[in-house]
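In: Here is the input, now give the coordinates:
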Amino acid sequence: MQTSQQIYNSRTDPVVLLAFVCAFVVLVVLMTLSGHSEGSDDIMRWVGVRDLLEGQGWFDAYQQRLGPNDGTLMHWSRLVDAPIAGLHFALQPVFGPDIAFQITAFFWPALLAALTLWAFAMTGGVLGGREGAISALVIGVLTLEHSRKFDYFSFDHHNLQILLFAAAIAFFVLRKDRRYAGWMLGLCLALSVSVGTEAILQIALIAVFCAIDWMINGTPARHRTVTFGVGLALTLALTSLATTGRDSFFYPSCDALTISVALPASVAALGLAAVAWIGSGWSRPGRIVACLGAGAVTLACSYVFAPYCLSNPIDALPQEMRVFWLGQIAEAQGISVVLERHWGEVIALMAMSLLTTGAALAFALRSRAGLDYTLFLALIAVGFVVFLYQSRMMTFFSVSLVAVQAQILRVLYNAYARDRHVAAGLAMVAFVICVSPKIGISLEKQFGALFNPSFAASASAAGQDSSEAGASCRTQQAYAALRDLPRGMVLIDFDFAANVLRYTDHAVLAGNYHRNQAGILAQIDLFRSDATRIAPHLNALGIDYVLLCTSAPRADFWSAASGGRGLQTRLVEGEVPDYLTRISGSGEDAFQMFRVTAVQ
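Out: Model prediction:
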């Protein structure tokens, strides 16, 4: 185990720099060979960037073509839109819009991947020198490739959040060696909250450990604690002023940089900075009482100004949305659903997390960096609990494991380099192989083929169908006929709404965006109701066109939800209500397309 903590700088080590370049190249090659998928959030982000480039106001966060009436106030940050828009704007005069888009779609996520890898290397270098930094690069490549958050066209904000999370960890372990680390740590945490609040528990945990560091160390930790608190509050203030309009900032929600998030976070940050400035010379019990007082003020502020932030956000959604919309989104499901679909991947991740937890505990007890490893233990525990609740948090959970897994690999490598024992070498190779949850996927397939070939074959086919369901309805060509029609409101399955906005000038009633509550509830009502009775409702909502994906990936679900009487079910069975007129939709077309013609 690590027994000394020398000041080590990865930036000045040519071996680490070369390893970083090689690791980045390997990561790009692996991601390219794996292909990419265009998620709804990636598409909607690009739609928002394109609207910004075409003149939509900087502080106008509304997606005007999503939902009934005046559109939907989105919760996404201009901090992500700005660099994507700026890059495309700079490239377009030179390469034209299509090539500029392709370069932007590759360069932006690749840049974030490179910076995240370097953050891993910084953390590994502080904890384990050169071997720790290189080990972190190896583990980082496997983790980021499996996350699929840095693939081509990954415009969603999660990759930037991963970078900021990894950078925050790096600056936390650097806090004793670099006077600027406190400022940078506050900057990273504030930017992460400004971009999105999905990882707010992990972000809050890192902030709590900054307070614990001060409570334990007192005066030696004074500068880094004060600069952390001031940096966090200052960054939140600047990002609020620079990127958030009035409607967005005062929106009563905790899913973005609203006053409900910014005010309690700023109170906590400034409170910590104040007690560190005043009370660093106090006794340890005095410092603990001071921090508890600042925490109590923060909780009181949250309770008064944002009580809804202290409860489960899903509970605030209407019951119909939770059952008929959120229940169909894979990434929002708990561990039981994920186990049914990908049990090998989940079991592999859990097994490695248990091993990593044990190693983190051992490092915490035997290393001088005990507080750092205790933070990693806490991050792993929180990440695991949140992952059990929502599968989309798997990526943040995996990133929480990287720092400790890198040091495990370092220890295994040093054992092999010292004695050249074959067993140590095999253990090192086996560990690297098992780090990626993909080994669990492979074992799942092999297990099924060995013990139940027919089941394995059917499961494989089902998985393929699930992943490719509606693929023909996601291509640009699928919307060519719709693009030529007069502009109107489209009723289409939630999964394809963003594609309509991307490839046409039409509006959609609803998509997979939780703030689009009015549209989602209206669409659920339309799909669940008797198809013979929804004509007046279509008219009231201003629906002009109805599109049904020919492959109908959710036909069975909506058939059950409507008792076999819903619009999707009738159209799948070839029964066209008299208020619809077919525009196109032969067996070879991606969509069956109808115009709402006669509403009574």
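
In: name the element Phe155 belongs to?
Out: Secondary structure from DSSP states H and E places Phe155 outside every helix and strand.

In: Angles on the backbone of it, please.
Out: Main-chain torsions, Phe155, degrees, to the nearest 10: phi -90, psi -10.

In: Verify the stated contact: it with Trp46.
Out: Yes. If you go by CB atoms under 8 Å, Phe155 and Trp46 touch, sitting 5.4 Å apart. Yep, even glycine has a C-beta here, placed from its N, CA and C like the rest.

In: Return the distance of the helix or strand containing Ile216 from the chain's centre.
Out: Of the helices and strands defined by DSSP H and E, Ile216 is found in helix 200-217. Centre-to-centre, helix 200-217 and its host chain are 22 Å apart (CA atoms, centre = their mean, to the nearest Å).

In: Okay, buried residues for that helix please.
Out: 200, 202-203, 205-215, 217 (16 or more other CB atoms under 10 Å).

In: Please apply the same query to stretch 424-432.
Out: Across stretch 424-432, burial judged by 16+ other CB under 10 Å covers 424-425, 428, 431-432.

In: for stretch 243-250, same thing?
Out: In terms of neighbour count (16+ other CB under 10 Å), stretch 243-250 has its buried residues at 243-245, 248-249.

In: So what's the residue count around Leu580?
Out: Look at Leu580: counted by other CB atoms under 10 Å, it has 22 neighbours.

In: hey, what's it bridged with?
Out: In this entry, Leu580 is beta-bridged to Val596, by DSSP bridges.

In: need the contact list for it.
Out: 546, 594-597 (CB atoms under 8 Å, 6 or more residues apart in numbering).

In: need the helices for the stretch 101-250 of the chain, in chain order.
Out: Per DSSP state H, counting those that start in this stretch, the stretch 101-250 of the chain carries helices over the ranges 158-173, 181-195, 200-217, 222-243, 246-249.

In: Low-confidence ranges, the stretch 151-300 of the chain, go.
Out: Within the stretch 151-300 of the chain, no stretch falls below the threshold (pLDDT under 70).

In: Likewise for the chain?
Out: Residue ranges of the chain with pLDDT under 70: 1-6, 338-339, 439-469, 585-587, 598-600.

In: In it, which residue is most central in space?
Out: Centroid check for the chain by CA atoms, centre = their mean gives His158 as the closest residue, at 3.3 Å.

In: Return the closest of the buried residues of helix 200-217 with respect to Ala351.
Out: Comparing these against Ala351 with CB to CB places Gln202 closest, at 21.8 Å.

In: so that closest one touches Leu164, yeah?
Out: No. Assessed by CB under 8 Å, Gln202 is found out of contact with Leu164, at 10.5 Å.

In: just to revisit the earlier point, pull up the overlap in contacts between Phe155 and Trp46.
Out: Ile84.

In: just so I have it, where are all the helices in the stretch 501-600 of the chain?
Out: Going by DSSP H, counting those that start in this stretch, the stretch 501-600 of the chain shows helices at 517-528, 535-541, 555-561, 567-572.

In: Dump those helices into a markdown table; add mean neighbour count and distance to Met184 as well.
Out: Output for these, formatted as a markdown table (neighbours: other CB atoms under 10 Å; distance: least, CB to CB, whole Å):
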| stretch | mean neighbour count | distance to Met184 |
| --- | --- | --- |
| helix 517-528 | 21 | 38 |
| helix 535-541 | 16 | 49 |
| helix 555-561 | 16 | 47 |
| helix 567-572 | 22 | 51 |
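
In: Switch the ones you listed over to CSV, and while doing so, append distance to Leu365 to every line.
Out: Shown next, in CSV, are the helices of the stretch 501-600 of the chain (distance: least, CB to CB, whole Å):
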stretch, distance to Leu365
helix 517-528, 49
helix 535-541, 62
helix 555-561, 51
helix 567-572, 59
